[in-house]
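K.L.:
how would this look folded up:
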Amino acid sequence: MTTRRAQLLCLLLLAAAPLTACGAEPNGSFDVQPGTPSPSCIEHQSQDPGAKYTGKENSDPRAVLEMMRFYTANGTRTYCDGKPPTDTDRRWTELYAELGGDRSRVSPPK
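P.N.:
Alright, predicted model coming up:
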């Protein structure tokens with residue numbers, strides 16, 4: 001590889017890193033409370049649904065099914081802090097319903 005080509009390649013790589021970081025969205029992962037498989041109460045979600053849940057054919061089927069299973073089993077439980085669902089929690093339960101989940105399996109918004 002010529003010196004000029006190597007320099008151009010280095011510049012492209014350096015320029016690409018900040019561009020991909022700017023366009024990246026937060027992970028948007030669902031917290032299934034893995035330490036408590038059968039919780040008596042549920043924790044609030046800290047992140048909005050990310051692309052692995054909302055990306056349609058690009059979604060991660062395992063992650064989507066894990067979220068669906070969690071809400072089907074635990075969605076009507078109260079939040080551990082006794083507070084109503086947050087906007088983030090509501091986005092997750094709406095996604096659950098949009099993906100075919102039974103609305104009676106999640107607490108109604110308050």
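
K.L.:
Can you tell me the SS state at Pro85?
P.N.:
At Pro85 the chain is in coil, as set by DSSP: H, G, I helix; E, B strand; the rest coil.

K.L.:
Can you verify my assumption that it contacts Ser107?
P.N.:
Yes. With contacts counted by CB atoms under 8 Å, Pro85 reaches Ser107, the gap being 6.5 Å. No exception for glycine: its C-beta is placed from N, CA and C like everyone else's.

K.L.:
residues contacting Asp31?
P.N.:
Residues near Asp31 by CB atoms under 8 Å, 6 or more residues apart in numbering: 43, 45-46.

K.L.:
please redo it, this time with the cut-off set to 6 Å
P.N.:
Going by CB atoms under 6 Å, 6 or more residues apart in numbering, Asp31 touches Gln45.

K.L.:
hang on, it in a helix?
P.N.:
No. Applying three-state DSSP, one finds Asp31 to be coil, outside a helix.

K.L.:
Please report how far it lies from Ser104.
P.N.:
Distance, Asp31 to Ser104, using CB to CB, to the nearest Å: 23 Å.

K.L.:
Repeat that for Gln47.
P.N.:
For Gln47, the distance to Ser104 - CB to CB - is 25 Å.
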